[in-house]
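[1] whatever this is, show me its structure:
(one chain, ligands or ions: 2)
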Amino acid sequence: MPTIQRPSWDDYFMSIAKIVATRSTCDRLRAGAVLVKNNRIISTGYNGAPPGMPHCDGAAGHKMEEGHCIRTVHAEENCILQAAALGGLSTMGSTIYTTYAPCYHCFKKLAVGGVKRIVAGAIYRDPSIKEACEQAGIGLDIHQPSDEWLARLAEVFAAPIEEKLVPDQTPSN
Ligand SMILES: [Zn+2]
Ligand SMILES: [Zn+2]
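    Ligands and ions are numbered 1, 2, ... in the order given. So this is what the prediction gives:
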């Protein structure tokens, strides 16, 4: 049997961030993020309204202020806040995988939360995030998955999960 290539950690967590983004409720930007420490997920977040509050994709619609929708908590903020709410591992020294590089507001919160590396699928609006990360001593990598991994992912999602029963061990006679 051919050996199946395992994804790199960056490919692995970025793919999860993309799945998380599908839960987002603001169609102005569907973003997702995964907060990771020592290659383990601490929390996940997508942009959506706070618990119990109306979402952008409901009757209430967007809540616009100065050209931005402010109804949602951003994916990165939700990661930090969920880690706080769950009371699990400290976010100090963590890495965030996020579909888009954080806006400046989220960047500040990640810096205070002790995030040391940001892995993003693309820069969002503001290229000055690079300089901000340098100043704060936070690594910033723009990650593009390899074609091999994308092809593999398509296979993984196309294939159903099959039942794998242990063969009957009872003697036949
Ligand atoms: Zn919105
Ligand atoms: Zn943000």
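[2] sticking with Val36, tell me its helix or strand.
    strand 32-37 (DSSP states H and E).
[3] tell me which element Ile16 is part of?
    Per DSSP H and E: Ile16 is located in helix 9-21.
[4] which elements pack onto the strand holding Val36?
    Judged by 3 or more Cβ pairs under 8 Å, 6 or more residues apart in numbering; DSSP states H and E, strand 32-37 is in contact with helix 9-21, strand 40-46, helix 75-86, strand 95-100. Where C-beta positions appear, they are placed from N, C-alpha and C, glycine not excepted.
[5] what residues does the helix holding Ile16 touch?
    7, 30-34, 36, 39, 41, 44-46, 75, 95, 97-99, 119, 121, 141, 143, 145-146, 149, 153 (Cβ atoms under 8 Å, 6 or more residues apart in numbering).
[6] if we go to 7 Å?
    For helix 9-21, the surrounding residues in contact (Cβ atoms under 7 Å, 6 or more residues apart in numbering) are 30-34, 36, 39, 44, 46, 97-99, 119, 121, 143, 145-146, 149, 153.
[7] let's see that helix as PDB, backbone CA atoms only.
    Only the C-alpha atoms of helix 9-21 are listed here, as PDB (Å, rounded to 0.1, in the frame of the first residue of the first chain):
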ATOM      1  CA  TRP A   9       0.700  21.000  11.300                       C
ATOM      2  CA  ASP A  10       0.100  24.300   9.500                       C
ATOM      3  CA  ASP A  11      -1.900  22.600   6.700                       C
ATOM      4  CA  TYR A  12      -3.800  20.600   9.400                       C
ATOM      5  CA  PHE A  13      -4.800  23.600  11.600                       C
ATOM      6  CA  MET A  14      -5.500  25.900   8.700                       C
ATOM      7  CA  SER A  15      -7.900  23.400   7.200                       C
ATOM      8  CA  ILE A  16      -9.700  23.200  10.600                       C
ATOM      9  CA  ALA A  17      -9.900  27.000  10.600                       C
ATOM     10  CA  LYS A  18     -11.600  27.000   7.200                       C
ATOM     11  CA  ILE A  19     -14.200  24.500   8.500                       C
ATOM     12  CA  VAL A  20     -14.800  26.700  11.600                       C
ATOM     13  CA  ALA A  21     -15.400  29.700   9.300                       C
END
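[8] with that, I have no additional questions.
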